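Colleague: Following is a predicted model, sequence given first.
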Amino acid sequence: MSDGTPTDAIVGAGIDCSGALTYPSQRQLVFGREMVATSQPLASEAGLAVLRAGGSAADAAIAAAATLTVTEPTTNGLGGDAFAILWDGSRLHAVNGSGHSPAAFSRASIGGTRMPTEGWVPITVPGQIALWADMHARFGRIAFTEVLRPAIEIAREGFHVAPLTAKLWSRAAATYAKRANMEAWRSTFLVNDAPPFAGQRVRMPDHARSLEAIAASSGADFYRGDLAARMDRASSDAGGFLRLGDLASHATAWGDTISIPYRGFRLHEVGGNNQGIAALIAIGILAHLDLSAADPDCADNVHASLEAVKLGFADAHAHVADPRFMRISASNLLAPDRLRELAARISPSRAQDFCADAPRPGGTVYLCAADSRGQMVSLIQSNYTGFGSGVVIPGTGIAMQNRGACFTLSAGHPNEAAPAKRPYHTIMPGFVTRSGASGEVPVLAFGVMGGFMQPQGHVQVLTRMADHRQNPQTALDAPRWQWMRGLDVHMEPHWPEATIQSLRQRGHRITIAEERSVAFGRGQAILAVGDGFAGASDLRADGCVCAR
């Protein structure tokens, strides 16, 4: 990785450009007939440029996603997975771009009781590039080379690192830079042996060349060409399991969403090995409770939502896996009588431990796009934890995900680690519809990235909008809570003191965070309004909405 020379405006004038914000800030909705919302301005601009060139919302989403692999390598890259929900103008499609574990993967090589997070063992086949190519093939309007052109140019010519991205880069460097056998990571992502600072210009020439190969081959080079051969060689040399056959056999899975009604709306998630069902279970439970009668920031609402989320996680962690290995279907988990019984387990005055496994952290990017023809896309992609496994394929800029870390080593569990198997997945795009005269109509493309924060973020944003009619920007700006484990809950500052005290009296063990931050998720949203859209972007990220 190379960089430009810092300018006096950044380091010489004594002005702090690190991203420190002394005062609370707020944002307004952005309106337009076409738009893109992402966690990084250059990515939003890339998507809008593709829309201006006649591209579809799918094209714009792919352009933004590709750009984010360049400008936010701290949370996603070319070696990750992706999921999407796409409204094509008449119906929804759920797109599963997660990869399988290698066919040669062996549990015998794993010591201890948990899957490792670093090195080649937790690496699964990256499915993200195939999702881009397949979604473009079905719903794109301009050439794939034109869709990826903005990302290629930014990688080659350079970009200035955004403040919050710089913080995440610095945090990751403290971990990855000290590990043995990570020379490729250091040479790819450090500048003069240091992470780039906010405002520093960074160029990624290897990344640009890989994107060019992907663009020219519509993704085929990544799975059957030179890039695939480089991944195979790096894995073989390091004693990893991934091979050419694993890459060549990967396929994107298309299907229907799983969904549940709520207050006149319907929340949609991706099914299968995706944790979106945790949000659906929680929402299905809350449908039996009245959240609209009280203030959205009051303890009654927070308590009920927390308990519902814990029950949702208990089911997800017990049952979600590669669909071939699941023993209970989503329809059974979402059965009305079952959700009613789960709702009855919630005590209005006492916090409970429903024995859900403790959530684990993760790093992700979420984006959404909409075009004037009515197409809407909700897309999420990730390397899982930060830069992923720490493995970088030399000379390519490809940072390999560590998604296999989400397997369990518990014998007999549906999500037990095994060869050629998709692991439990944390990344989950969301979508909301409502019933119209001729069927379901689109309302909202949205998501809140951040590991196991994601179902919690979906619940908090949707209940604020559906129960309290808050607009998407207000719902994203509001302070959030995060269930951690057992009775432990973290809460952002700015919650009413009465709410915090009442939650503590009910038995929740509350910790107040120092600031609103990415630890509580970063969301984006696009709401269908009249003959256009209203977009919102989370203040916890560097991003924005670009519209026309």
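Modeller: Here it is on my side, so go on.

Colleague: Run through the residues that contact Ile346.
Modeller: Contacts for Ile346 (C-beta atoms under 8 Å, 6 or more residues apart in numbering) come out as 285, 289, 304, 307-308, 311, 352. In this view, the C-beta of every residue, glycine as well, is placed from N, C-alpha and C.

Colleague: Tell me if Thr364 really is in a helix.
Modeller: No: secondary structure assignment (DSSP: H, G, I helix; E, B strand; the rest coil) places Thr364 in strand, not in a helix.

Colleague: I figured Leu78 hits Ala399, correct?
Modeller: Yes: in this structure, Leu78 is within contact of Ala399 by C-beta atoms under 8 Å, at 7.2 Å.

Colleague: between those two, who's got more neighbours?
Modeller: Per other C-beta atoms under 10 Å, whichever of Leu78 and Ala399 has more neighbours is Ala399, with 30 against 26.

Colleague: Just list whatever residues bridge to the more buried one.
Modeller: Following DSSP bridges, Ala399 is listed with bridge partners Val392.

Colleague: So for the longest strand along the chain, what gets flagged as buried?
Modeller: Criterion DSSP state E: the longest strand present in the chain is strand 439-449. Neighbour counts over strand 439-449 (16 or more other C-beta atoms under 10 Å) mark 440, 442-449 as buried.

Colleague: circling back: redo the contacts of Ile346 as CSV? Include secondary structure and pLDDT.
Modeller: Shown next, in CSV, are the contacts of Ile346 (DSSP: H, G, I helix; E, B strand; the rest coil; pLDDT from 0 to 100):
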residue, secondary structure, pLDDT
Ile285, helix, 98
Leu289, coil, 94
Ala304, helix, 97
Glu307, helix, 98
Ala308, helix, 98
Leu311, helix, 97
Gln352, coil, 95
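
Colleague: ok, of those, which one's closest to Thr474?
Modeller: For these, the minimum distance to Thr474 (C-beta to C-beta) is 20.3 Å, reached by Ala304.

Colleague: low pLDDT regions in the stretch 1-150 of the chain?
Modeller: Within the stretch 1-150 of the chain, the stretches with pLDDT under 70 are 2-14, 19-20.

Colleague: can you pull out the strands in it?
Modeller: Assigned by DSSP state E, counting those that start in this stretch, the strands in the stretch 1-150 of the chain fall at 2-3, 30-32, 35-38, 81-87, 92-97.

Colleague: Partner strands of the second one and their direction?
Modeller: Sheet neighbours of strand 30-32, with direction, are listed as strand 532-537 (antiparallel) (DSSP bridges).

Colleague: quick one, the strand it pairs with and strand 439-449 angle?
Modeller: On the basis of axes from the mean of the first three to the mean of the last three C-alpha atoms, to 10 degrees, strand 532-537 is oriented at 20 degrees to strand 439-449.

Colleague: and the gap between Ala215 and Leu247?
Modeller: Per C-beta to C-beta, to the nearest Å, Ala215 is found 18 Å from Leu247.

Colleague: of the strands of the stretch 1-150 of the chain, which approaches Gly55 most closely?
Modeller: Ranking the strands of the stretch 1-150 of the chain by proximity to Gly55 (C-beta to C-beta) places strand 35-38 first, at 10.5 Å.

Colleague: Which elements pack onto the closest one?
Modeller: If you count contacts as 3 or more C-beta pairs under 8 Å, 6 or more residues apart in numbering; DSSP states H and E, strand 35-38 packs onto helix 41-52, helix 57-71, strand 363-370, strand 522-529, strand 532-537, strand 544-547.

Colleague: So in that sheet, which strands flank it, and in what orientation?
Modeller: Each strand that pairs with strand 35-38, with its direction, by DSSP bridges: strand 363-370 (antiparallel), strand 544-547 (antiparallel).

Colleague: now Leu86, which residues is it bridged with?
Modeller: Assigned bridge partners for Leu86, using DSSP bridges, are His93, Val377.

Colleague: Tell me how many other residues surround it.
Modeller: With other C-beta under 10 Å as criterion, Leu86 counts 27.

Colleague: from what I can see it touches Leu92, true?
Modeller: Yes: with contact defined as C-beta under 8 Å, Leu86 reaches Leu92; the gap is 7.0 Å.

Colleague: before we move on, the earlier item: could you redo the contacts of Ile346 as JSON lines and give each row distance to Ser187 and neighbour count?
Modeller: Formatted as JSON lines, the contacts of Ile346 follow (distance: C-beta to C-beta, whole Å; neighbours: other C-beta atoms under 10 Å):
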{"residue": "Ile285", "distance to Ser187": "49", "neighbour count": "26"}
{"residue": "Leu289", "distance to Ser187": "54", "neighbour count": "18"}
{"residue": "Ala304", "distance to Ser187": "50", "neighbour count": "22"}
{"residue": "Glu307", "distance to Ser187": "48", "neighbour count": "27"}
{"residue": "Ala308", "distance to Ser187": "47", "neighbour count": "28"}
{"residue": "Leu311", "distance to Ser187": "46", "neighbour count": "23"}
{"residue": "Gln352", "distance to Ser187": "50", "neighbour count": "16"}
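
Colleague: Widest-spaced pair of those residues?
Modeller: Distance extremes for the contacts of Ile346: the farthest pair is Leu289 and Gln352 at 15.0 Å, using C-beta to C-beta.

Colleague: Run through the residues that contact Asp353.
Modeller: Asp353 makes contacts with 310, 486-487, as judged by C-beta under 8 Å, 6+ apart.

Colleague: Ala528: which of these is nearest?
Modeller: Nearest to Ala528 among the contacts of Asp353: Lys310, at 32.1 Å, using C-beta to C-beta.

Colleague: Now for the closest residue to that closest one other than its chain neighbours, how many residues are close by?
Modeller: Closest residue to Lys310 apart from its sequence neighbours, by C-beta to C-beta, 6 or more residues apart in numbering: Phe354 at 4.7 Å. Using other C-beta under 10 Å, Phe354 is surrounded by 16 other residues.
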